[in-house]
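Colleague: need coordinates for the below:
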Amino acid sequence: QVQLVESGGALVQAGGSLRLSCAASGRTFSSYAMGWFRQAPGKEREFVAAISSRGVVTNYADSVKGRFTISRDNAKNTVYLQMNSLKPEDTAVYYCAADGSFVTVVRGTVDIWGQGTQVTVSS
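Modeller: Residues are numbered from 1 along each chain as shown. Below you'll find the model as predicted:
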């Protein structure tokens, strides 16, 4: 089982960009589908993006399509979330997640989570 550590969260102005990283431990990273989720204060955690184990298939929430890009580097055991044109409503704690099933990641019913990284977008 992998362990996940997110980084890259910061305070940024609206319209700006950030790249989040999620580093995974273990030699089986390339067998996991990966995803990003976020949770804003007072709201439930929501799906943001997912990527299949080899990076061939991706899926995005409608709210981030065209602005966010998920990618992965299996040689570095890392998944990324490039966030452009950030909006105040993107403010949340962003979590990385992993599962052997891409569908399970999209559904968010996964057991492997990182600790989260805070993204704050000021208006």
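Colleague: for residue 121, name its beta-bridge partners.
Modeller: residue 12 (DSSP bridges).
Colleague: gap between it and residue 94?
Modeller: Distance, residue 121 to residue 94, by C-beta to C-beta, to the nearest Å: 12 Å. From N, CA and C alone the C-beta is placed, and that goes for glycine too.
Colleague: which residues do those two both contact?
Modeller: Shared contacts of residue 121 and residue 94, defined by C-beta atoms under 8 Å, 6 or more residues apart in numbering, are absent.
Colleague: higher neighbour count, these two?
Modeller: residue 94 (23 against 20; other C-beta atoms under 10 Å).
Colleague: can you tell me the closest non-neighbouring residue to that one?
Modeller: Distances taken as C-beta to C-beta, 6 or more residues apart in numbering place residue 38 nearest to residue 94, at 4.8 Å, with adjacent residues excluded.
Colleague: same deal with residue 4?
Modeller: Distances taken as C-beta to C-beta, 6+ apart place residue 114 nearest to residue 4, at 3.6 Å, with adjacent residues excluded.
Colleague: which residues touch that neighbour?
Modeller: Neighbour list for residue 114: 4-6, 22, 95-97 [criterion: C-beta under 8 Å, 6+ apart].
Colleague: repeat that with 10 Å
Modeller: 2-7, 22-24, 36-37, 94-98 (C-beta atoms under 10 Å, 6 or more residues apart in numbering).
Colleague: can you check residue 14 too?
Modeller: 85-91, 121-123.
Colleague: give me the pLDDT value at the spatially closest residue to residue 17 that is not a sequence neighbour.
Modeller: Nearest residue to residue 17, sequence neighbours excluded (C-beta to C-beta, 6+ apart): residue 84, at 4.7 Å. Looking at residue 84, its pLDDT reads 98.
Colleague: wasn't residue 70 part of a helix?
Modeller: No: applying DSSP: H, G, I helix; E, B strand; the rest coil, one finds residue 70 to be strand, outside a helix.
Colleague: in PyMOL, select just the buried ones from the contacts of residue 114.
Modeller: To isolate the buried ones among the contacts of residue 114 in PyMOL, judged by 16 or more other C-beta atoms under 10 Å, type:
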select buried, resi 2+4+6+22+23+24+36+37+94+95+96+97+98
